[in-house]
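Q: mind folding the following:
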Amino acid sequence: MMALAFKFYSKLLTVTLLNLSVLLSKLFKVNRRLARFASLTQSTLNSESARTAFLDEIRMIPVDSSNIAAIGYSDVCRVLQVDFLIGKRYRYQDVPSQVFDRFLAAPSKGRFLNSVIKSEGMLIICDTTLL
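A: Alright, predicted model coming up:
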């Protein structure tokens, strides 16, 4: 009886280890693919032309403000873009998406820009004239 139980559990353990081995092999393959994709994505974002292409595609949302014409955000680059009524465009980098969402919902866009974005020292990466 004991020998039969040992044989059963031995086979069960062998099958389990084989399944675990196959699963780990697949997991490592997926992990290598993800790492390769991440490095390609990072190198793509590090190239200035690719980053500029992403930034040029930011969808601008017109806002009701006495100073600001429109705002937009790039999830890929984490860049907030602000177009002013006077024809200037500012881009702030490393802006969390939650800050953009709060900016959109703010009753006073100018006050939010000054009290949150500028006060937190978010870096301006671009200052251009649109007109």
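
Q: give me the neighbour count for Glu57.
A: Neighbour count for Glu57, taken as other C-beta atoms under 10 Å: 10. Every C-beta, even on glycine, is put in place using the N, C-alpha and C of the backbone.

Q: which non-adjacent residue is nearest it?
A: Leaving aside its chain neighbours, Glu57 sits nearest to Ser74 (7.7 Å; criterion: C-beta to C-beta, 6 or more residues apart in numbering).

Q: repeat that for Gly110.
A: That would be Asn67: by C-beta to C-beta, 6+ apart, it lies 4.6 Å from Gly110.

Q: distance of the one you found from Val99?
A: 18 Å (C-beta to C-beta, to the nearest Å).

Q: so which of the two has more stuff around it?
A: Per other C-beta under 10 Å, whichever of Asn67 and Val99 has more neighbours is Val99, with 19 against 15.

Q: who's in contact with the helix or strand where that one lies?
A: Secondary structure from DSSP states H and E places Val99 in helix 97-105. Applying C-beta atoms under 8 Å, 6 or more residues apart in numbering, the external contacts of helix 97-105 come out as Ile61, Val63, Ile71, Tyr73, Asp75, Arg78, Leu80, Lys109, Phe112, Leu113, Val116, Ile117.

Q: do that again at 6 Å, thanks
A: With C-beta atoms under 6 Å, 6 or more residues apart in numbering as the contact definition, helix 97-105 has outside contacts at Tyr73, Leu80, Phe112.

Q: which stretches of this structure have low pLDDT?
A: 1-9, 12-13, 15, 17-54, 121-123, 125-131 (pLDDT under 70).

Q: count the neighbours of Ala106 for me.
A: The number of residues packed around Ala106, counting by other C-beta under 10 Å, is 16.

Q: what's the answer for Ile86, then?
A: Using other C-beta under 10 Å, Ile86 has 10 neighbouring residues.

Q: over to Ser115?
A: Applying other C-beta under 10 Å, we find 12 residues neighbouring Ser115.

Q: same check, this time on Ser66
A: Look at Ser66: counted by other C-beta under 10 Å, it has 8 neighbours.

Q: next one: the one 5 residues further on
A: Counted with other C-beta under 10 Å, the burial measure for Ile71 works out to 21 neighbours.
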